[in-house]
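Trainee: next one to model:
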Amino acid sequence: MCAGAIVLSRVPRLVLGAWDPKAGACGSVFDVVREPRLNHWVEVTGGVRETECAALLREFFEAHRK
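Mentor: I've put the predicted structure just below:
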């Protein structure tokens, strides 16, 4: 849903920290933001401070599973 909202909002550039290998739609599982059949494409820069971002996400979800 976030990738679709980014495309529909015509956001020109997306910078993300950690890729989502299970459900990502910005270049990992799907590539909605660069789908050639859509009328807007987004420049994606991924992996910015990837280690720290992945750790934050991991800790957040581990805490919510307990």
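
Trainee: rest of the way, CA atoms for contacts and neighbours
Mentor: Fine.

Trainee: ok, which stretches of the protein are strands?
Mentor: For the chain, the strands defined by DSSP state E occupy 13-15, 43-45.

Trainee: list the buried residues of the helix of greatest length in the chain.
Mentor: Counting by DSSP state H, the longest helix found in the chain is helix 50-65. Using 16 or more other Cα atoms under 10 Å as the test for burial, helix 50-65 gives 53-54.

Trainee: one step back: wait, which of the strands of the chain is closest to Val32?
Mentor: strand 43-45 (11.1 Å; Cα to Cα).

Trainee: quick one, what contacts Ala54?
Mentor: 17-18 (Cα atoms under 8 Å, 6 or more residues apart in numbering).

Trainee: ok, it to Leu38 distance?
Mentor: Distance of Ala54 to Leu38, given as Cα to Cα, to the nearest Å: 30 Å.

Trainee: and for Phe61?
Mentor: Going from Phe61 to Leu38 by Cα to Cα gives 33 Å.

Trainee: repeat that for Arg13.
Mentor: Using Cα to Cα, Arg13 is found at 16 Å from Leu38.
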